[in-house]
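# I need the structure of the sequence given here:
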Amino acid sequence: MRIGFIGLGNMGGPMAANLLKAGHTVTGFDVIRTALDNFSGARAASVAGAVKDAELIVTMLPAGKHVDEVYRGAGGVLASAAKGALLIDSSTIDVATARAVAAEAQKRGFDMLDAPVSGGVAGAAAATLTFMVGGGDAAFARALPVLQAMGKTAVHAGASGAGQAAKICNNLILGISMIAVSEAFNLADKLGLAQQKLFDISSKSSGQCWSMTSYCPVPGPVPTSPANRDYQPGFTAAMMLKDLTLAMEAAASAGAATPLGRRAADLYQRLSETGLAARDFSVMYRFIADAPESFA
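Alright, predicted model coming up:
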């Protein structure tokens, strides 16, 4: 398949590389020159150049304003894509923008899916991402082989915007649970309970969760967790703050109560202000352990 790929950064670069490995012809574009230079497929000089002959177009961009501009702006995807091209946006953005761009795409005769991912940079490189997909049934079926080349799981969550809703709800759980696990390990340490012992107990009992068993925020119990490499990401604290902010904006628009989510967003904001924004979000443990006076 001929694929245009816009956004070749930490996530998009390896995703596009996996499409090449799967035998697709991929033309990429990124506004950052180094990201474009690192891509081994065909390179375009613009969004229009990347998508003009594509049967399917994938975007992986930082925020809703970038998605809106790339799709609806002058020389963007909707103005430049070939008739019948399938559009897939894998960025994590606000639900309202996802739905607005999809509606405009539909008006112009394109099927579009919002398909944000879970799995981070490691999952992008290993093609083990989980895609949470919003859009029509036929479009999802058409996209599935391409999504499977970049990940191991693709779930059709519902109509346009449902993928973004699933992503922010999932990461709301993740952000809150990482704080809880970090607090528990900090308390255990202060009470003289060995961290490995807490892990051995909680990972097999009612405290079990992904933040404990797969991404433990203290060094030792889970050798592959970022805590064992000085919290190199992974999934940065800045990215978690972005997703929690999106969740709080969505909650406000929907009239949903999210008291723990608001507190979690506040804590990740404070963590980021201490200079830890570029570290893995599991650095929350260090933030709590190192500055107890901040929480008095």
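
# in this protein, what residue sits furthest out from the centroid?
residue 192 (36.6 Å; Cα atoms, centre = their mean).

# so what pLDDT did it get?
At residue 192, the predicted lDDT confidence score is 97.

# next one: the one 5 residues further on
Looking at residue 197, its pLDDT reads 98.

# how far away is it from residue 188?
Using Cβ to Cβ, to the nearest Å, we find residue 197 at a distance of 8 Å from residue 188. Quick note: C-beta positions are derived from backbone N, CA and C, even for glycine.

# quick one: which of those two has more around it?
residue 188 (18 against 11; other Cβ atoms under 10 Å).

# which helix or strand contains residue 17?
Residue 17 belongs to helix 12-21 when assigned by DSSP states H and E.

# next secondary structure after that helix?
By DSSP H and E, the next helix or strand past helix 12-21 is strand 25-29.

# now the helix holding residue 17: mean pLDDT?
Per-residue scores along helix 12-21 average to 98.

# chain center to that helix: distance?
16 Å (Cα atoms, centre = their mean, to the nearest Å).

# quick check: angle from it to strand 25-29?
Computed with axes from the mean of the first three to the mean of the last three Cα atoms, to 10 degrees, the direction of helix 12-21 lies at 160 degrees from that of strand 25-29.

# which other residues reach helix 12-21?
Outside of helix 12-21, the residues within contact range by Cβ atoms under 8 Å, 6 or more residues apart in numbering are 3, 5-6, 8, 26, 28, 30, 35, 38-41, 58, 60, 90, 121, 124-125, 127, 129, 146, 149-150.

# what about the strands in the stretch 101-250 of the chain?
111-114, 117-118, 129-134, 151-158 (DSSP state E, counting those that start in this stretch).

# tell me the strands beside the last one, with direction?
Each strand pairing with strand 151-158, determined using DSSP bridges, is listed with its direction: strand 129-134 (parallel).

# are we agreed that residue 84 is in a strand?
No - per DSSP: H, G, I helix; E, B strand; the rest coil, residue 84 lies outside any strand segment and is coil.

# residue 130 pairs with what?
residue 118, residue 153.

# burial check on it, number of neighbours?
18.

# my guess is it contacts residue 117, does it?
Yes - using Cβ atoms under 8 Å, residue 130 is in contact with residue 117, at 6.5 Å.

# identify the contacts common to these two.
With Cβ under 8 Å, 6+ apart, residue 130 and residue 117 have common neighbours 123, 151.

# who touches the helix or strand of the chain with the lowest mean pLDDT?
Ranking every helix and strand in the chain by mean pLDDT, DSSP states H and E puts helix 120-126 at the bottom, with a mean of 91. Contact partners of helix 120-126, identified using Cβ under 8 Å, 6+ apart, comprise 10-15, 18, 117, 128-130, 150-151, 233-235.

# with stretch 180-187 instead?
Counting by Cβ under 8 Å, 6+ apart, 195, 198, 202, 207, 209, 211-212, 216-218, 282, 284-285, 287-289 sit against stretch 180-187.

# longest helix anywhere in the protein?
Assignment by DSSP state H gives helix 162-190 as the longest helix of the chain.

# in it, what counts as buried?
162-172, 174-182, 184-186, 188 (16 or more other Cβ atoms under 10 Å).
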